[in-house]
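>>> coords below, sequence missing:
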């Protein structure tokens, strides 16, 4: 093949004297020398967004890596471009592939004829075009220059460039082409684009030259008649996406969309090591490289493209397989890949696989995690016993749901399908599956999740079958010296397409590859192990819940430097059982004071304390887990009690965290917590209802030989009662509480500051219940005189007269610790009483307890202001049972010298008297809390001897009452006299001003003729009668008497009298008779001297007593409000 001469590197174009370099270097967008490119002098035919056309028909990529250059790799891309003339215009911009982080250092474009034969070019001057022709499988370049295509143009065409006559020689003298005829490659709009040439050859001449190629007799197809073809060579520098030590070398190469793609990538070691001089350490260092690609590379070796210094990569089923040292220390991956926008190539030294737990040798590579944030939700369902256990230990049935968020996933190898191990931690407990439930974990995940398995090796057929679907032994190199040939027309269109049910191609697990170098492609998945919403792979045999779960992660979804998070979820139902040994029955019969350790062990055995389990990512550098506890109990007599992770629950009050209601939840920090299930009588009553069924610890059978006589009697009775059974619900038929105030003789008097309560009830018949508990609560009450709550002491407990062990616990509080769990529902629990009644169901239980320091005088500033000083209030602490009670009776005994002033209670039926009281309530619900408040005072009965203070008080009241009555009587009489005197003064002033007041009265003789008139039927005051009216004359004189003369009827008589005249100057002679008559009438009205009427003291006292009684009743109603007075 001829070459161009050095003198022909520059030529003069036909259309002018301007000269230009035929193949200028095309810098990237970031290059500052872009303005020096000759392409800047040309204007494209389109502006704005480039057109999106798939004009690339073949892609070939070649790259190499040298460990000394740790920033990036040199990559050369060769393209064969076909331009449909009817769809493009000269100068048009066509995007080829995204720019990403690519930096273009050189680009060249050369035309091809209709048979894809390159026109003449100098292979010496343009070695990049020569390599492009070889890698694109193009025929040898022809000797016809591209300028000859324009030879038939008219000489007067001003816009066309005409080649010179000297350019029609051989290829050694072929002149370089201008970009006007070839176009060029540049970066525009974050895309690597191809700028079309501004001069297209004529269609009638294009491809019609008769002597340019040896394929002149080939007949062009219809689709090739109007297509312009070019080959382009682009030299790029691409930085690494990731680098060791925590990640492999990762190179992301953007590519155009094309159906025929091939790649050849080589890794060259720094210094070769001869086999004779190599030591064991150097062999380990130069063991070779592992390769991985996404999409996968179908390996092949072509005799035309192979070289003696290059070796094909051997494929292994896993990158942990041994890789031999190559002869020239050059590792190479070569093959074809499917259409994609970018191809990612990974290479790294084979990592050393060191299993760190049983089951880690399952063929999966383990990934590392920088940080994990987990949420563990534990839903308590109930109690149960694991199948196959002989010790009878009970555990807690729990549904766990773990959600983990992993950040910073990394793996130093080239495998893209790696495992992430997650284990279950249960400190001090055994975890087992439950019969009838799923015996595997349900695993699901988000972005990048592909499946899971539990400590089992993947079946070999899963990967082998996938490998044989895309590659056969006919096209695999089994020996470095052996090659297989294939035609240049090999294409992905002729290759079998992958199965649609497969996620991606895979060659992991292939055993037909050589060990000279390894290529671990991304593991594809079968339908059973593909990414699904959930996955629950079950091994050949059932794995225990504590076995690590391996989550399959596709590392291609977490390409650095993007900080993506991987989220997964594990859920399932398991049984958690404590590991401490089960106590023997003899330990329960020991006295309570014999050993504190025995009591503690018994308490733990009855109510096992279990540390909360949690999942943990084994390879996490840092991990934070938040635990959420849910109460999902469906039974009636169990309560979920949550404790802090540290502290003695029997002595440290701070160890208790909370008690959960049914459906309630709480959150624990990263340290977790501890839980236990207890009867609702101890911890459930405070919330007013029961959440779970109480099932006491199952007791093993006790031989009779180990029991004494009394115990044997109790056991035989319990067996008889249990054998009878019960057909009704589990409840307490009746319960009676008798309250007795206690008097303490002190200092010659009696002091009342405590009371005793006796509880009588039958023991509930439940063989599984080993104890009975009830609580004593204080609800919004005032504390004792010292500011502390009352003290409660258990006097005795017996069943049918046989003493039984009884325990009482008082929770301690820290004032600086804030509200405790006892105050969550607005009430403060004072004591919990536990009576051990194992095997005593049906017996009569009697419990006596004494409450001290609960009786105190009311302060004048309290809410009972206005009470008598002698009135005392007493709050009675009655038991609250977890079981329903059919009938509750409360009896309050009287005390000599004291009487019950009032009773306040939430019991419905009340009968109170001065000597005591009786209260009844029927059909009490479970956890019903009875309340009773009693106000007592000294007795006021007649038979009691009055005290000096009462006598003195009575005398004072009596004196005040007598004085009030006397004052009232005096005021009434004085008011009457004042009124009469006022009326007299008014009359006197009126008469004194009259002129007749000065005349002296004298005797007057009046002659009157009187007639008798008969009136018939005269009605007067509703009486019909006949009356005779007689006229009479009465004369008043100082020294004379009144003379009346009756005149007979019908006989008128004349009386003549003489009246002497009186002088004007004399006071006695001037008085007139009319005023004298008026004064006489006034004297008749007013009696002199004035005298008070006699007052009836009995009537007055009755009136006053009635008034005082009304006032007293009003005051009593005010005093006892809102209750009615007794």
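Structure's in. What do you need? Computed from a predicted structure; not experimentally measured. Residues are numbered from 1 along each chain as shown.
>>> which stretches of the stretch 51-200 of the chain form strands?
Taking DSSP state E, counting those that start in this stretch, the strands of the stretch 51-200 of the chain run over residues 56-65, 72-84, 93-98, 103-112, 184-188, 191-195.
>>> Out of those, which gets nearest to residue 973?
Of all the strands of the stretch 51-200 of the chain, it is strand 93-98 that lies closest to residue 973, at 123.0 Å by C-beta to C-beta. (Each C-beta comes from the backbone N, C-alpha and C, glycine too.)
>>> Which neighbouring elements make contact with the strand or helix carrying residue 552?
Residue 552 is part of strand 549-554, with elements assigned from DSSP states H and E. Strand 549-554 sits against strand 417-425, strand 442-445, strand 449-453, strand 565-578, with contacts defined as 3 or more C-beta pairs under 8 Å, 6 or more residues apart in numbering; DSSP states H and E.
>>> what's next to it, contact-wise?
362, 364, 367, 409, 416-423, 441, 443, 445, 448-455, 522, 529, 531, 566, 568, 570 (C-beta atoms under 8 Å, 6 or more residues apart in numbering).
>>> partners of that strand in the sheet?
Strand pairing for strand 549-554, using DSSP bridges, gives strand 417-425 (antiparallel), strand 449-453 (antiparallel).
>>> Kindly present those strands as JSON lines, with separate columns for mean neighbour count.
Shown next, in JSON lines, are the strands paired with strand 549-554 (neighbours: other C-beta atoms under 10 Å):
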{"stretch": "strand 417-425", "mean neighbour count": "22"}
{"stretch": "strand 449-453", "mean neighbour count": "24"}
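>>> Could you export those as a markdown table, including distance to residue 245 and mean pLDDT?
Putting the strands paired with strand 549-554 into a markdown table (distance: least, C-beta to C-beta, whole Å; pLDDT from 0 to 100) gives the following:
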| stretch | distance to residue 245 | mean pLDDT |
| --- | --- | --- |
| strand 417-425 | 16 | 91 |
| strand 449-453 | 26 | 91 |
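>>> Who are the packing partners of the helix or strand harbouring residue 757?
Residue 757 belongs to strand 749-762 when assigned by DSSP H and E. On a contact count with 3+ C-beta pairs under 8 Å, 6+ apart, strand 749-762 meets strand 732-746, strand 844-852, strand 855-857, strand 872-876.
>>> Mind doing that once more with 10 Å?
strand 732-746, strand 771-778, strand 791-799, strand 844-852, strand 855-857, strand 872-876, strand 885-892 (3 or more C-beta pairs under 10 Å, 6 or more residues apart in numbering; DSSP states H and E).
>>> Now the ones you listed in JSON lines, please, with extra columns for distance to residue 675, mean pLDDT and mean neighbour count.
As requested, the helices and strands packed on strand 749-762 are arranged in JSON lines below (distance: least, C-beta to C-beta, whole Å; pLDDT from 0 to 100; neighbours: other C-beta atoms under 10 Å):
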{"stretch": "strand 732-746", "distance to residue 675": "28", "mean pLDDT": "86", "mean neighbour count": "16"}
{"stretch": "strand 771-778", "distance to residue 675": "19", "mean pLDDT": "81", "mean neighbour count": "23"}
{"stretch": "strand 791-799", "distance to residue 675": "28", "mean pLDDT": "89", "mean neighbour count": "17"}
{"stretch": "strand 844-852", "distance to residue 675": "30", "mean pLDDT": "91", "mean neighbour count": "19"}
{"stretch": "strand 855-857", "distance to residue 675": "40", "mean pLDDT": "50", "mean neighbour count": "17"}
{"stretch": "strand 872-876", "distance to residue 675": "34", "mean pLDDT": "82", "mean neighbour count": "21"}
{"stretch": "strand 885-892", "distance to residue 675": "29", "mean pLDDT": "92", "mean neighbour count": "19"}
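>>> how about those, which one is nearest residue 609?
Using C-beta to C-beta, the helices and strands packed on strand 749-762 put strand 771-778 closest to residue 609, at 16.9 Å.
>>> What pairs with that closest one, parallel or antiparallel?
Sheet pairing for strand 771-778, using DSSP bridges, gives strand 828-836 (antiparallel), strand 880-881 (antiparallel).
>>> when you compare where the first one runs with where strand 749-762 runs, what's the angle?
Spelled out, it's strand 828-836. Computed with axes from the mean of the first three to the mean of the last three C-alpha atoms, to 10 degrees, the direction of strand 828-836 lies at 50 degrees from that of strand 749-762.
>>> ok so, going back, list the buried ones in the strand holding residue 757?
Using 16 or more other C-beta atoms under 10 Å as the test for burial, strand 749-762 gives 752-759, 761.
>>> Show me which of those is closest to residue 1120.
The closest of the buried residues of strand 749-762, once distances to residue 1120 are taken by C-beta to C-beta, is residue 752, at 21.9 Å.
>>> tell me the contacts of residue 546?
By C-beta atoms under 10 Å, 6 or more residues apart in numbering, residue 546 lies in contact with 423-426, 429-432, 574, 613.
>>> from memory residue 177 sits against residue 111, does it?
Yes - Residue 177 lies in contact with residue 111 (C-beta atoms under 10 Å); the separation is 7.5 Å.
>>> Next up, the contacts around residue 248.
Residue 248 neighbours (C-beta under 10 Å, 6+ apart): 240-242, 289-292, 319, 345-349, 351, 410-416, 555.
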